[in-house]
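Asks: only geometry, no sequence info:
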Ligand code: PAF
């Protein structure tokens, strides 16, 4: 695996690789890698000639500075894992490299309604930060294929919107969420949970499954309230939301419609750690 720390080094390498007709697959990450990331690397290796992974804990997407400070960093372990998986390139830039003009006053991306619902409501500015870094990364890597995890459902939609706004020709592949045996969605933030909290945290998946099993059997608002109660009863401190939405635009579903494609999305705090998850209801 080749490790590049500057954009110019990566650009030079990719220019030659693309000129030689090699197909590129890109897996952007913030490190603290787990099997969910590995599954994206494997998908990329199966579909592209060169797999590039980036590790960059992006400061502009953290609305809560404490969350940024506490974000797990396991770089040596990550490098070993990426090497074991046969990753071709690791891009490991500094903050200065990615934001040479500083963190303030970036471009504003017109994300429409996606900006101010769900994650956007509870994490103001988060998606602008995601767009700033993804815009920069995609402009440099210009991959044929981009691999993202479905766990960050709204983020996937935002990045698709960014790709449209910026006319990136990259094909976006969304891979299913990987789960622990317990059902807990894999996440770098799980590293901050005690064993006891990890066990309790499975309540999110249980609540999402409860919604899937009971959709159409009671009013949507009742089902959402019951799902929320289940999470709180398991020992969560706070549920930001557990909501049934239309899968294609994340608008709330007011009333169940038998043929509509829907997704249940959730964000909740346990042990001071904010976890998100979602489940397609079809
Ligand atoms: O999901 C993540 O790890 C990050 O939000 C991403 C897409 C790498 C952008 O920083």
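Replies: Thanks, I have it. Here the structure is a predicted model, which is why all the values come from computation and not from measurement.
Asks: quick one, strands of the protein?
Replies: Taking DSSP state E as the criterion, the chain contains strands spanning 2-4, 24-29, 50-55, 89-91, 145-149, 171-175, 238-246, 262-270, 273-280.
Asks: what angle do the third one and strand 145-149 make?
Replies: With axes from the mean of the first three to the mean of the last three Cα atoms, to 10 degrees applied, the angle from strand 50-55 to strand 145-149 works out at 40 degrees.
Asks: sorry, back to before: for the strands of the chain, give me JSON lines that also has distance to residue 223.
Replies: Every C-beta, even on glycine, is put in place using the N, C-alpha and C of the backbone. Shown next, in JSON lines, are the strands of the chain (distance: least, Cβ to Cβ, whole Å):
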{"stretch": "strand 2-4", "distance to residue 223": "48"}
{"stretch": "strand 24-29", "distance to residue 223": "34"}
{"stretch": "strand 50-55", "distance to residue 223": "39"}
{"stretch": "strand 89-91", "distance to residue 223": "43"}
{"stretch": "strand 145-149", "distance to residue 223": "26"}
{"stretch": "strand 171-175", "distance to residue 223": "25"}
{"stretch": "strand 238-246", "distance to residue 223": "7"}
{"stretch": "strand 262-270", "distance to residue 223": "9"}
{"stretch": "strand 273-280", "distance to residue 223": "13"}
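Asks: closest to residue 224 out of those strands?
Replies: Across those, residue 224 has its closest neighbour in strand 238-246 (5.9 Å, Cβ to Cβ).
Asks: pLDDT weak spots in the protein?
Replies: Counting by pLDDT under 70, the chain contains no low-confidence range.
Asks: close to the ligand: what parts of it are there?
Replies: The chain has residues 28, 29, 30, 58, 61, 130, 133, 134, 152, 155 near the ligand, with proximity defined as Cβ under 6 Å from any ligand atom.
Asks: columns neighbour count on top of those, output as CSV?
Replies: Putting the residues of the chain next to the ligand into CSV (neighbours: other Cβ atoms under 10 Å) gives the following:
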residue, neighbour count
28, 23
29, 22
30, 18
58, 22
61, 21
130, 24
133, 21
134, 24
152, 19
155, 21
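Asks: any idea how far residue 24 is from the residue of the stretch 51-200 of the chain found nearest the ligand?
Replies: Nearest to the ligand, among the residues of the stretch 51-200 of the chain, is residue 58, at 4.0 Å (Cβ to the nearest ligand atom). Using Cβ to Cβ, to the nearest Å, we find residue 58 at a distance of 21 Å from residue 24.
Asks: residue 270 too?
Replies: Distance from residue 270 to residue 24, counting by Cβ to Cβ: 38 Å.
Asks: and if you look at residue 137?
Replies: Look at residue 137 and residue 24: by Cβ to Cβ, they are 12 Å apart.
Asks: now residue 121
Replies: In terms of Cβ to Cβ, residue 121 sits 35 Å off from residue 24.
Asks: between those two, who's got more neighbours?
Replies: residue 24 (22 against 12; other Cβ atoms under 10 Å).
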